[in-house]
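J.: just to be clear, the model below is a prediction. Sequence and coordinates:
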Amino acid sequence: CAAVCHREGGWTCQGEPRLCRCAAFHTGLDCELCVVYVDEAAAIASRDGTSWETALDDVQAAADVAAGLGAGCEVWVAAGTYGVHAGSRADSLVLPPGVALYGGFGGHEQVRSERHPALQPSILDGRDPGGGPGVYHVVVGSEDSRLDGFTVTGGEADGGGADDQGGGYWNGSMSGTVAGCLFQDNHAAGAGGALYSGVGSITVLDSTFLGNTAENGGAIYINRLTGAPTISSCLIQGNSASQNGAGAFLLGGGVVADTVFAENVATGRGGGVEVQGFVDLLRCSFRANRARDGAGVNQATGAVLLSACVLAENIASAAGGGFRATAGLGVSRLESCLLWGNRAQAGAGLWVDRSAPEIVNCTIADNAASGCGGGLRLLGLASPLVQNCIFWGNLGAPQAQICADPAATPTVTFCDVDGGYAGTGNSNATPLFVGGGDYRLQPGSPCIDAGLGDSHTPDTDLAGLARNDAGLAGTNGGQGSPAYVDLGAYEHWP
């Protein structure tokens with residue numbers, strides 16, 4: 001038996017007769033998984049965490065056991081509510097380095113894929129059972145840790161120093177992962193009501209943020225000076241900031257992809273996102289967010305790339321309903337984006353001040369400003385490149401589509417502008433949108449194959465289709481290479 005069991009993995013000789021079996025805390029077809037089990041609801045007399053039948057009832061204890069078992073050991077947590085407040089507001093669930101915690105189990109699963117976090121929530125609760133204020137941080141991250149499939153609630157970071165950051169999850173300078181989690185009703189007096197991350201490279205995947213509050217970064221605050229944080233496939237909705245960045249405050253850099261920002265409210269800037277650095281926003285949706293300035297996205301410093309994003313029905317009480325850009329250290333770029341139904345006092349679609357962003361192959365339609373620039377407002381020495389865009393049906397006075405200060409020097413070419421606009425290749429022709437909120441082009445639209453193909457042209461449109469339809473939709477009326485480029489966010493393919 002000993003000879004047979006002498007191999008890689010969690011095998012050991014057990015029982016009579018002596019047989020090769022999985023060692024304690026190991027499971028799987030080849031005993032390859034190291035797992036510590038937690039189930040607070042089970043009536044268990046002897047708890048050692050080696051199985052569901054002997055599961056521990058304390059998540060922190062299980063995490064510490066897993067850390068002692070070595071790298072790669074996991075903690076599986078059954079549905080239930082696990083209070084973090086154990087008598088002190090400084091209490092937290094502290095994730096050991098290299099340990100992964102998975103929630104959403106029913107207490108019987110043999111493989112991780114059988115869990116259902118939405119139906120079987122494992123709740124980490126930071127509230128005080130005695131009715132007092134909650135803990136400063138429900139969870140504290142660490143290097144290479146993973147929190148996956150949990151509901152995190154009740155954090156109240158209103159202390160001093162770092163204790164006013166990250167009510168739900170606080171991460172200092174580590175590189176960890178948060179996935180498949182729900183952060184709801186957490187608060188920070190300073191930054192990051194639900195989640196705060198410092199200089200590490202945190203990854204946030206497939207998670208939902210609802211009803212969190214903070215001064216800055218109502219849901220998320222990332223202060224990235226090194227590393228490359230990533231937010232992907234998340235829903236960030238109904239969060240608020242008493243200053244800036246109700247959905248997210250991104251300082252430094254990083255990538256946000258395939259994420260929805262909806263109904264977030266900031267008293268100051270950035271109802272959806274406040275950017276102070278260099279950030280890529282890819283295939284994101286910003287809808288019905290509110291702020292004084294930059295209700296959808298506000299770029300305060302640095303530069304932002306918005307690629308294949310939709311900014312719709314955002315409301316700014318002052319400037320920039322969809323997007324607001326001020327003088328930064330780099331060149332912001334909007335490509336293959338759709339901005340519709342946004343409202344503001346000025347620059348309902350876009351508001352640009354003293355900067356030179358590239359706005360290429362975007363559709364800016366049906367936005368409304370009470371002042372100038374329902375589509376685009378340019379202030380001071382703003383000098384954007386605007387190419388292959390459609391400005392149509394925007395409202396504002398005295399100029400509805402593009403309103404520029406005398407000192408502004410925009411380059412507007414190959415654009416279809418309602419009412420016309422001077423520039424090479426520009427037109428004033430009804431674009432023939434499909435209609436009913438669908439801003440794709442109908443067959444026969446004058447915007448088909450009317451663009452300029454050059455180094456500024458994005459490879460794909462808002463729907464992910466190639467920009468060059470090889471003449472399948474009509475005769476090329478534009479110029480350059482790639483040829484057959486349409487105007488606006490969508491490429492028409494027959």
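T.: Received, thanks.

J.: use CA for all of it now, contacts and neighbours both
T.: OK.

J.: for Pro357, give its distance to Asp486.
T.: 21 Å (Cα to Cα, to the nearest Å).

J.: who has more neighbours, the two?
T.: Neighbour totals were compared for Pro357 and Asp486, and Asp486 leads with 32 against 26 (other Cα atoms under 10 Å).

J.: surely the more buried one is in contact with Gly453?
T.: No: using Cα atoms under 8 Å, Asp486 is not in contact with Gly453, being 9.3 Å away.

J.: partner strands of the helix or strand hosting Leu334, parallel or antiparallel?
T.: Using DSSP states H and E, Leu334 maps to strand 333-335. Strand pairing for strand 333-335, using DSSP bridges, gives strand 297-307 (parallel), strand 358-360 (parallel).

J.: list of residues touching the longest one?
T.: Spelled out, that is strand 297-307. Identification of contacts with strand 297-307 by Cα atoms under 8 Å, 6 or more residues apart in numbering yields 269-283, 286, 320, 322-337, 462.

J.: please pick the buried ones from these.
T.: Neighbour counting with 16 or more other Cα atoms under 10 Å marks 269-283, 286, 320, 322-328, 331-337, 462 as buried within the contacts of strand 297-307.

J.: may I have the helix ranked longest in the chain as PDB, with CA atoms only?
T.: Looking across the chain with DSSP state H, the single longest helix is helix 59-69. Provided in PDB are the C-alpha atoms of helix 59-69 (Å, rounded to 0.1, in the frame of the first residue of the first chain):
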ATOM      1  CA  VAL A  59     -14.700  30.900   7.900                       C
ATOM      2  CA  GLN A  60     -11.600  32.500   9.400                       C
ATOM      3  CA  ALA A  61     -10.600  29.300  11.200                       C
ATOM      4  CA  ALA A  62     -11.000  27.300   7.900                       C
ATOM      5  CA  ALA A  63      -9.000  29.800   6.000                       C
ATOM      6  CA  ASP A  64      -6.200  29.600   8.500                       C
ATOM      7  CA  VAL A  65      -6.300  25.800   8.300                       C
ATOM      8  CA  ALA A  66      -6.100  25.900   4.500                       C
ATOM      9  CA  ALA A  67      -3.100  28.200   4.700                       C
ATOM     10  CA  GLY A  68      -1.300  25.700   6.900                       C
ATOM     11  CA  LEU A  69      -1.900  22.900   4.400                       C
END
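
J.: how far is it from where the chain is centred?
T.: 30 Å (Cα atoms, centre = their mean, to the nearest Å).

J.: which of the contacts of strand 297-307 fall within strands?
T.: Members of the contacts of strand 297-307 lying in strands (criterion: DSSP state E): 273-282, 286, 323-325, 333-335.

J.: neighbours around Gly72, how many?
T.: By other Cα under 10 Å, the residues close to Gly72 number 14.

J.: so it sits against Gly98, correct?
T.: Yes: contact status for Gly72 versus Gly98: in contact at 6.7 Å, counting by Cα under 8 Å.

J.: how about stretch 197-213: buried residues?
T.: Those would be 197-213, for stretch 197-213 by 16+ other Cα under 10 Å.

J.: quick one on the thing from earlier: so which of the strands paired with strand 333-335 gets nearest Gln237?
T.: Smallest distance to Gln237 across those (Cα to Cα): 14.4 Å, for strand 297-307.

J.: just the C-alpha atoms of that closest one, please, in PDB.
T.: Output of strand 297-307 as PDB, limited to C-alpha atoms (Å, rounded to 0.1, in the frame of the first residue of the first chain):
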ATOM      1  CA  VAL A 297     -17.800  59.100 -17.600                       C
ATOM      2  CA  ASN A 298     -15.700  62.000 -16.300                       C
ATOM      3  CA  GLN A 299     -12.000  62.200 -17.300                       C
ATOM      4  CA  ALA A 300     -10.400  64.600 -14.900                       C
ATOM      5  CA  THR A 301      -6.700  63.900 -15.600                       C
ATOM      6  CA  GLY A 302      -4.700  61.500 -17.700                       C
ATOM      7  CA  ALA A 303      -6.500  59.900 -20.600                       C
ATOM      8  CA  VAL A 304      -9.200  57.300 -21.200                       C
ATOM      9  CA  LEU A 305     -10.000  55.000 -24.100                       C
ATOM     10  CA  LEU A 306     -13.700  54.300 -24.600                       C
ATOM     11  CA  SER A 307     -14.100  51.500 -27.200                       C
END
